Each structure stands twice: as structure tokens, then as C-alpha cells.
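Undergrad: Build the 3D model from these lines:
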Amino acid sequence: MSEALPTPSRMLRRPQLEQKIGLGCSAIYARLDPKSSYFDPTFPKPIKLGNGKNPPIAWIESEVDAWIASCVASSRSAA
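TA: Numbering: from 1, shown residues only. Down below sits the predicted model:
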């Protein structure tokens, strides 16, 4: 039997993500771009909500919350 995926708490669109993490649009996309000096491989990846050339995207809030918690933990352990 296949393993069931956990149900995400909710999906965040980019403006909601910006408000939650305190970063702007360009900073978010820089963290997703492997060519950027600000690339963060641990940053949550967006999911596509449709098809086509530029489908709408969203982030899973529980993944964003886990990323925030890991950033806080890293910051606290480095101090």
C-alpha cells in the first residue's frame, strides 16, 4: 500500500509568503535561483497550481514554518 502524504496546513501565495517571512519578491526568487549568490537550497520550493506558461504558484505553509524554525535554530546555535 502506498504511503499517504501529510495534509498541508494551507497554501500561501507570494504576498502572504512575503508577509510571513519578511522578504520581498526579488529576495524570495533569489533564494530559489541556483545562479544567485543568495541561493538557499533549504528554502521551500513553490508548487504549481495550474498549467500553462506561467501557472500560479504557492508555498505550503507547514514547509515555510519548518524553514523559519531551522533558520532560528541555526541563528541561535551560531551565537
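
Undergrad: pull the CA atoms of the top strand by length along the chain into PDB?
TA: Determined from DSSP state E, the single longest strand within the chain is strand 57-60. Output of strand 57-60 as PDB, limited to C-alpha atoms (Å, rounded to 0.1, in the frame of the first residue of the first chain):
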ATOM      1  CA  ILE A  57       2.300  29.100  -7.600                       C
ATOM      2  CA  ALA A  58       2.000  28.800  -3.900                       C
ATOM      3  CA  TRP A  59       4.100  27.600  -0.900                       C
ATOM      4  CA  ILE A  60       3.000  25.000   1.600                       C
END
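
Undergrad: Can you list the strands that it pairs with?
TA: Using DSSP bridges, the strands paired with strand 57-60 are strand 11-12 (antiparallel), strand 47-48 (antiparallel).

Undergrad: quick one: contacts of the helix or strand that comes right after it?
TA: Helices and strands here follow DSSP states H and E; after strand 57-60, the next one along the chain is helix 61-78. Contact with helix 61-78 is made by 6, 8-12, 17, 20-21, 42-44, as judged by CB atoms under 8 Å, 6 or more residues apart in numbering. To be clear about C-beta, it is placed using only N, CA and C from the backbone, and glycine gets the same treatment.

Undergrad: Equivalent analysis for stretch 22-33, please.
TA: Under CB under 8 Å, 6+ apart, the answer for stretch 22-33 is 14, 17-18, 21, 36-40, 43, 45-46.
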